[in-house]
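>>> Here's my sequence, what's the structure:
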Amino acid sequence: MSAVSAPAPARASVLPLGVYLLAFSLFAMGSAEFLLAGVLPAVAADIDVSIATVGWLITAFAIGVVIGGPPFAVISLRWPRRTALVLTQIVFAACIAVGLIVGTYPALLVTRFLAGLAYAGFFAVAAVTAVSMVPPERAARASGVVVSGLSLAMILGGPAGTLIAYNTRWQGGFWLVVVLTLVGAAAVVAAMPRTAAVERPSVRRELRTLRRPRLWLVYAVTLLTTAAYMVTFNYLAEILINVTRIPDAWIAAVLVLFGVGAYIGLAVGGRISDRRPHFTMIVGSTGIVICSVLIASLATQALAVVPLVFLLGVAGFVINPALYGRVFALAASAPTLAGATTVSAFQLGISFVPLMAGVVLNAGASITTVAWIGAALAAITVPLVLIERSATRAG
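Numbering: from 1, shown residues only. Sure, this is the predicted structure:
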């Protein structure tokens, strides 16, 4: 594997600058994922396709993310980490720019897919790089800070890009993503420490690591918990409008509140997951169950639902640093492919949401059923975490 030689921070509470640069870059690139949903009607009208058809641009990006990380991890295994990071950022920015310049539906579909591949590659390498810059006992916190860039993209990047798009044209927000991504790439070149190989990378060793059953238990928890909170979040606007009866003008603020909760969850999870990862996962999963059940049961009560949305964000994202911490603990000798597969598991959990929700909603179920689905998925993860913990204690 590759490790980064970095000077010890002046204070134990301060992570290396490179960790925060990776978080900024993930914020810039991740904003493209959340931005498109806010401008779908404008995109559909501009390129003269239906809303249903233009929705495939979201799917194309998601598919690219799901399948992109592991292959890139293998291909780039012997590259310097900084090279892999900057290359994925440049390819991502180029794909977004080409799609905007050509402006046709086929071009946007292809470039969104390719951008998803590059994004997955960056995410996977960034997580490994962040962990390699800190001692093992701070790995979960470092990965939590990097993933917080994605939470900021949800809170700030998507809404700000949408606002820019509607005050210019829909392309404006995406051009901002291109600029910020290139700024992030320049910062990585200028300030990211060089990697120093302390052990020869081995594709065979990376693949052998993936055979560990405990690692797949963590991947299952990753997929299920992600789907558990996203299935409610994705349909939250529908619940708030048609069941809770919150005025339309307040919907965006409530959605941002979820993102704020997610950011706090990552911060808290990053600080406690290094010491008690299984406890963190159990608390987060249980929190998702409780919040989801209460949202489904009290959906008509705005005073209950709004704080529950915030708490759902906290519970859902407090788990993420613990998941990364467990993956890198189990795959310490070969973390690159294992980390990339974690990224795919996250995105696969997101991608399962429309399928699961579509089945029950098309069968005539109430919109609040999605929250019950989230509760069930989160409940399943608790015994999986307990099994993985027992295996860890058994050695």
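>>> For the stretch 251-395 of the chain, just list every one of the helices.
For the stretch 251-395 of the chain, the helices defined by DSSP state H, counting those that start in this stretch occupy 251-272, 277-297, 302-318, 320-330, 335-362, 369-394.
>>> Please name the spatially closest residue to residue 212 (chain neighbours excluded).
Counting by CB to CB, 6 or more residues apart in numbering, residue 212 lies nearest to residue 330, which is 6.1 Å off, once chain neighbours are set aside. Placement of C-beta: from N, CA and C, glycine included.
>>> Could you check which helix or strand contains residue 161?
helix 158-167 (DSSP states H and E).
>>> how close does the residue nearest to residue 212 get to residue 34?
30 Å (CB to CB, to the nearest Å).
>>> picking up where we left off before, mind giving me JSON lines with the helices of the stretch 251-395 of the chain and columns for mean pLDDT, distance to residue 122 and mean neighbour count?
Below are these laid out as JSON lines (pLDDT from 0 to 100; distance: least, CB to CB, whole Å; neighbours: other CB atoms under 10 Å):
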{"stretch": "helix 251-272", "mean pLDDT": "85", "distance to residue 122": "18", "mean neighbour count": "21"}
{"stretch": "helix 277-297", "mean pLDDT": "96", "distance to residue 122": "25", "mean neighbour count": "22"}
{"stretch": "helix 302-318", "mean pLDDT": "95", "distance to residue 122": "20", "mean neighbour count": "22"}
{"stretch": "helix 320-330", "mean pLDDT": "87", "distance to residue 122": "15", "mean neighbour count": "27"}
{"stretch": "helix 335-362", "mean pLDDT": "81", "distance to residue 122": "9", "mean neighbour count": "21"}
{"stretch": "helix 369-394", "mean pLDDT": "93", "distance to residue 122": "27", "mean neighbour count": "18"}
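>>> Tabulate those helices in a markdown table, adding columns for distance to residue 180.
Putting the helices of the stretch 251-395 of the chain into a markdown table (distance: least, CB to CB, whole Å) gives the following:
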| stretch | distance to residue 180 |
| --- | --- |
| helix 251-272 | 18 |
| helix 277-297 | 30 |
| helix 302-318 | 22 |
| helix 320-330 | 23 |
| helix 335-362 | 20 |
| helix 369-394 | 32 |
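>>> Tell me where the stretch 51-200 of the chain has strands.
Secondary structure of the stretch 51-200 of the chain (DSSP state E, counting those that start in this stretch): strands located at 195-197.
>>> Just the helices from it, written as ranges.
Taking DSSP H, counting those that start in this stretch, the helices of the stretch 51-200 of the chain run over residues 51-54, 56-75, 81-102, 105-132, 139-152, 158-167, 171-191.
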